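Chemist: I would like to see how this sequence folds:
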Amino acid sequence: LTIKAHNSWLCTSELVSLLIRGKAGGNVGTFTLMGTPHNWSDMSLGVGLLTADEFKNGVVVCDALKSPKSPVWLLHGGDHFTTLW
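Modeler: Modelled structure (predicted):
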């Protein structure tokens with residue numbers, strides 16, 4: 001769930017997913033790789049995720065991650081994470 005790149009250890013999206021959702025699925029988008037919608041309705045997300053990938057690469061983050069129960073988000077800036085509350 002971590003990788004070594006550029007002489008440092010990086011957290012993968014699978015690890016972030018495990019921390020937020022309780023399962024290590026790296027796809028945080030609205031759709032699966034096959035283009036079908038993810039079923040996020042069964043998830044009770046207390047923390048959200050906002051990522052620069054949505055703007056840069058067009059990866060649409062699911063609404064459940066954009067609108068968590070608590071006003072707390074992990075911000076993904078490409079090679080780093082920070083917290084907003």
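
Chemist: quick one: buried residues of the longest helix along the chain?
Modeler: Criterion DSSP state H: the longest helix present in the chain is helix 13-21. Going by neighbour count (16 or more other CB atoms under 10 Å), the buried part of helix 13-21 is 13, 16-17, 20-21. For every residue, glycine as well, the C-beta is placed using N, CA and C.

Chemist: any idea which of these is closest to residue 6?
Modeler: residue 13 (17.4 Å; CB to CB).

Chemist: for the closest one, give me the pLDDT.
Modeler: Listed pLDDT for residue 13 reads 73.

Chemist: for residue 35, see how far away residue 60 is.
Modeler: In this view, residue 60 and residue 35 are 12 Å apart by CB to CB, to the nearest Å.

Chemist: surely residue 60 and residue 30 touch.
Modeler: Yes. The criterion here is CB atoms under 8 Å, and residue 60 meets it with residue 30 at 4.7 Å.

Chemist: so between those two, which is more surrounded?
Modeler: residue 30 (17 against 13; other CB atoms under 10 Å).

Chemist: now do the same contact list for that one.
Modeler: 37-38, 60-63 (CB atoms under 8 Å, 6 or more residues apart in numbering).

Chemist: quick one: which of those sit in strands?
Modeler: The strands, defined by DSSP state E, take in nothing from the contacts of residue 30.

Chemist: out of those residues, who's the most crowded?
Modeler: Neighbour counts for the contacts of residue 30 (other CB under 10 Å) peak at residue 62, which has 20 neighbours.

Chemist: who's in contact with that residue?
Modeler: So residue 62 contacts 28-30, 38, 40 (CB under 8 Å, 6+ apart).
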